[in-house]
Structures are given as C-alpha cells and as structure tokens.
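S.K.: output the structure for:
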Amino acid sequence: MKYFTTVNEQEYTIEIDQEEQILVNGEPYQIDFQQLLQGGTLSLLINNRSLEAIVNEQENAWEVLIHGELYSVKVQDERSYRLAQARGTVLPETGTVAVRSPMPGVILDVLVAPGDQVKKGEKVVILESMKMENELRAGRDGVVQRVHVEQGANVEKNQELLVIGDPDEEA
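M.R.: Reported below is the predicted structural model:
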C-alpha cells in the first residue's frame, strides 16, 4: 500500500509491502512498533534505532511528538491523494487552526499574544510534561486570534491552547 505524507511541509511517499519493512521515497527502512499506552504512546524501532513517540489525531492531521519536537503529519492513501489532486483540493492553508496540548503538563511559556503574526513551524508555546520541555509550533502561517493559557497553567491532553487564523478574520 502507498501513502503520501507531509511532515512539517516536507513531502514523503511511503510504501508498505512487507510487515517489517517500509520504503520512504524509495529507501528501505526496517521497522517495528508497539503501542505502549492507550494515550497514543508508541515505541518504534527504525533500522535498530529506538524512538518513543506520542501520537495524537487532530482534525486534518496527526500530531507526533518525538524528543520534545512536535511534528504535524498529514497522511493520505494513494486513492485519496489522487482524487484530491484531480479535484484540486489538496488541503488549503486557510481557516483557523487550534494548537492543542499533545499531553497533560504545565505551560512554561507562551511566546505569542493575540494579534501576533506567526509563520508555520514557529514556536508558540513551551509545555513541560514528563520532566521534558516540549516546543509546540504554529500549524500554519497566520495571526494569533486567541490565547487560552498563561505561564504556569496546568493543561490536559487535547486542551486548546491558542487559535491561529487568517489575518482578515475576526479574533
């Protein structure tokens, strides 16, 4: 099976033909993964390198947290991808996008305020969870419309932290 994946604006083609091997842009990787907890924590072995990832499903994408870095991952199977291309409906970068907490924790810093312009991938919030600092980033270019948390706040998994929208939208 073939998938078209976008990770923080970088596109990849992933082919899964064998149980323990995948091809990423034609390059083979040995892979094994296990779900550790019900909360979306995965243990991954990629070419004998161990990684732990926290995966959280969002509206149009998946959020994947690895080593304190949050990645926005969009995945389409081959059929959906080809249909979207034919219709010209590859996901637009418009509308509002919520930055949500991928796990419970404490807000160490909020780096933006309502009205601030942000670029996709820019750090907007620093969250401490499991004694690690996690940098949460903007999911798109836009203007910060609302900030729902402040430094020192305790947050739950999936809690909306802030909202980014188009410059001409009402806050």
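
S.K.: tally of neighbours for the closest residue to Val147 other than its chain neighbours?
M.R.: With C-beta to C-beta, 6 or more residues apart in numbering as the measure, Leu162 is the residue that lies nearest to Val147, at 4.6 Å, once sequence neighbours are left out. In short, each C-beta sits where N, CA and C put it, glycine included. Neighbourhood size, Leu162 [other C-beta atoms under 10 Å]: 25.

S.K.: isn't Leu162 right up against Arg146?
M.R.: Yes. At 6.3 Å, Leu162 counts as touching Arg146 under the criterion of C-beta atoms under 8 Å.

S.K.: who does the residue nearest to Val147 form a beta bridge with?
M.R.: Per DSSP bridges, the residues bridged to Leu162 are Val99, Val147.

S.K.: tell me the contacts of it?
M.R.: For Leu162, the contacting residues are 98-99, 110, 112, 124-125, 144-149, by C-beta atoms under 8 Å, 6 or more residues apart in numbering.

S.K.: drop anything exposed from those residues.
M.R.: For the contacts of Leu162, a burial check counting by 16 or more other C-beta atoms under 10 Å picks out 98-99, 110, 112, 124-125, 144-145, 147, 149.
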